[in-house]
Structures are given as C-alpha cells and as structure tokens.
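Asks: My questions concern the predicted model and sequence given below.
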Amino acid sequence: MMNVPTSPTNMTAGAPAPMGHNQPPAFDPNVLARSQVTAEEFLEVTKMWQSVEKIESETQAEQLNDQITGLRKLWKKVDADRKAAKKPHDDAGREVQTAFNPLLKKLAAAADALKSKLSEFAAEKQRREDEAREQAQQDAEAKQAEAARLVAEAAASGDISAQVDAEEAQKAAEKQAKAAAKPAVSGIKSASGGGRTMSVRTIREVEVTNVRLLFMHYQNHPDVAEVLRRIATADVRAKGFDPEETKIPGITITERKSVA
C-alpha cells in the first residue's frame, strides 16, 4: 500500500497556502538568535547578582561594574542590530511616504480650499434659517397671547361655542410655538447622494491673552503640576545649576546617588 504524506497540522490538505507564506522574514533571525544566547548568559548572571543582598567588597563592586558594563554593551549591540534590520524597512517606508505625500497634500489642500467656500455659503444659510426661526417664534408667541385673550373673553361671555373655538386656537398656538422653538439644523446635502450631508459647526479657538490669569484658573489641574515639575527638573539637572545660588520657589530638591 502506498504511504500517504501527512499534511502539516497548521495547513488544511488541499487548501492553498496562506498569502505571504513564501516571503522572506523581515529580519535575519540568526542575528537575533546569536544575541539571545549571549543575553541569556548575562541574564542568568544578573539573577545571581540579584540574590546578593549587599555589595561588601571592592572586588565585588568591580565585578558588578563589569556585569553592568557588559549588559550595556550587549544592549548597544542588539540595538545596533535592530537599527540595521529596521533600516531597509525605514528606507522603503520613506520612499512610500515621498511618493504618496505630495498627492495627499494636494488633495487635502483642494478639499480645504473648497470647504472654505462651502462654509461661507452654509454660514449664510444658517443665518437665514436662524432669522426665520426667530420670526416664527415671535409669531407663535403673538398667537399664543391672542389665543389666551380669546379664551379669557369667551369664558367671561359664557358663550360655549366661542370657548371651544378659543381653546382650539390656543392648542394650535402652543403647537406652533413648540415647532418654532426647535433649533434649525442647516445642512448641505450631496448632489449625487454619494457624499455625506455637511452641517455648520461652531469651533471654539483659544488665544492666551494673560498667562498669569490663565495659570491661576488652572493651577490645581494635575497636568499643570506635571508640566511645572518637568521644567523645574530640567533646570535643576542642568550643568552649572547651583541650588544655593538659584532658588526655585515651590519645590524641594532631593538628591540620590546613582552610578553612571
């Protein structure tokens, strides 16, 4: 009997191979594998050093210095390998960006140029609709007032027919007032139906006119404290900074020792 080959477990017999299965890897796996072997050795030694509770001799300190130096050198090598492996992709990415970006900029600029014209028209349309809505509200309020007057007169006269008519007029006036109170939504529809309806939106922009007053308003915001901390940290770490000579109010400077 003829032996039938067994299909790989990740492939369905007779099914086409997945797209991209025959493409070369994005980087040389052998380069990474070699670094991983060395890294595992360094990490194992690091684990041993972490079990040492305290450095008690110059010899230990020097040996630990060598371990840290070795880790940093290996990090630089791995990072250099990463950059070398990534460079062709970066170059290809830049080439794609260079090819497509000019066309994207032209299309965006063209849309923005036309959008300004459409925005002007839409704003004028919104203005007219707002004016019409305001006039409709005034008319509805006048009809409500007139209907209320007629209801009062009919009630005083005892004329049932007039009372019913006045109440119906009052209901109609209230309905008209509700309709007039609804905000006017102005939109520009698509002529072909293929585009979305564009509407006028109010966009608020901020211009800082008084930094001090603005700071006082937001001084308790956590983001403000973080920004100020970063600025102060950069200053106190700057070369030549003397905390005795330069006093920065509102902060406490602490120092910690760290090998470099």
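Replies: Noted; the coordinates are in hand.
Asks: tell me which residues form a beta bridge with the nearest residue to T197 once chain neighbours are set aside?
Replies: Leaving aside its chain neighbours, T197 sits nearest to G187 (4.4 Å; criterion: CB to CB, 6 or more residues apart in numbering). C-beta coordinates here come from the backbone N, C-alpha and C atoms, glycine included. Under DSSP bridges, the beta-bridge partners of G187 are S199.
Asks: Around G187, count how many other residues there are.
Replies: Neighbourhood size, G187 [other CB atoms under 10 Å]: 12.
Asks: State the distance from it to R196.
Replies: 9 Å (CB to CB, to the nearest Å).
Asks: for T98, same thing?
Replies: Distance of T98 to R196, given as CB to CB: 31 Å.
Asks: ok, now V52?
Replies: With CB to CB as the criterion, V52 and R196 are 66 Å apart.
Asks: F42 now?
Replies: Distance of F42 to R196, given as CB to CB: 57 Å.
Asks: okay, the two: which has more neighbours?
Replies: Set side by side, F42 and R196 show more neighbours around F42, with 15 against 9, by other CB under 10 Å.
Asks: so what's the more buried one up against?
Replies: Applying CB atoms under 8 Å, 6 or more residues apart in numbering to F42 gives the contacts Q67, G70, L71, L74.
Asks: Got the confidence number for it?
Replies: At F42, the model reports a pLDDT of 93.
Asks: Ramachandran coordinates for it?
Replies: Backbone torsions for F42, taken as degrees, to the nearest 10, come to phi -60, psi -40.
Asks: Contacts for stretch 204-222, please.
Replies: So stretch 204-222 is contacted by V224 (CB under 8 Å, 6+ apart).
Asks: again, only this time at 10 Å
Replies: If you take CB atoms under 10 Å, 6 or more residues apart in numbering as the criterion, stretch 204-222 is touched by V224, A225, V227, L228.
Asks: Pull the distance from it to the chain's centre.
Replies: On the basis of CA atoms, centre = their mean, to the nearest Å, stretch 204-222 sits 22 Å off its chain's mean C-alpha point.
Asks: For it, buried residues please.
Replies: Using 16 or more other CB atoms under 10 Å as the test for burial, stretch 204-222 gives no buried residues.
Asks: could you give the mean pLDDT of it?
Replies: Mean predicted lDDT for stretch 204-222 stands at 94.
Asks: do the same with stretch 169-182
Replies: Confidence for stretch 169-182, expressed as mean pLDDT, is 79.
Asks: tally of neighbours for the nearest residue to I248 once chain neighbours are set aside?
Replies: Nearest residue to I248, sequence neighbours excluded (CB to CB, 6+ apart): A232, at 5.7 Å. A count of nearby residues for A232, using other CB under 10 Å, gives 14.
Asks: Look at S190 and tell me its secondary structure.
Replies: Here S190 is recorded as coil under DSSP: H, G, I helix; E, B strand; the rest coil.
Asks: for this protein, longest helix please?
Replies: Longest among the helix segments of the chain by residue count, using DSSP state H, is helix 58-157.
Asks: Surely K175 is in contact with K182?
Replies: No - with contact defined as CB atoms under 10 Å, K175 does not count as touching K182 (11.8 Å).
Asks: Low-confidence ranges, the stretch 51-200 of the chain, go.
Replies: Residue ranges of the stretch 51-200 of the chain with pLDDT under 70: 183-186, 195.
Asks: Could you measure from the residue nearest the centre of the chain over to R201?
Replies: Nearest to the mean C-alpha position of the chain, by CA atoms, centre = their mean, lies D223 at 16.3 Å. Counting by CB to CB, the gap from D223 to R201 is 26 Å.
Asks: same question, M216
Replies: Distance of M216 to R201, computed by CB to CB: 31 Å.
Asks: Also K76?
Replies: Taken as CB to CB, the span from K76 to R201 is 51 Å.
Asks: ok, the two, which is more surrounded?
Replies: More crowded of K76 and R201, by other CB under 10 Å: K76, with 10 against 7.
Asks: Contact partners for that one?
Replies: With CB under 10 Å, 6+ apart, K76 has no contacts at all.
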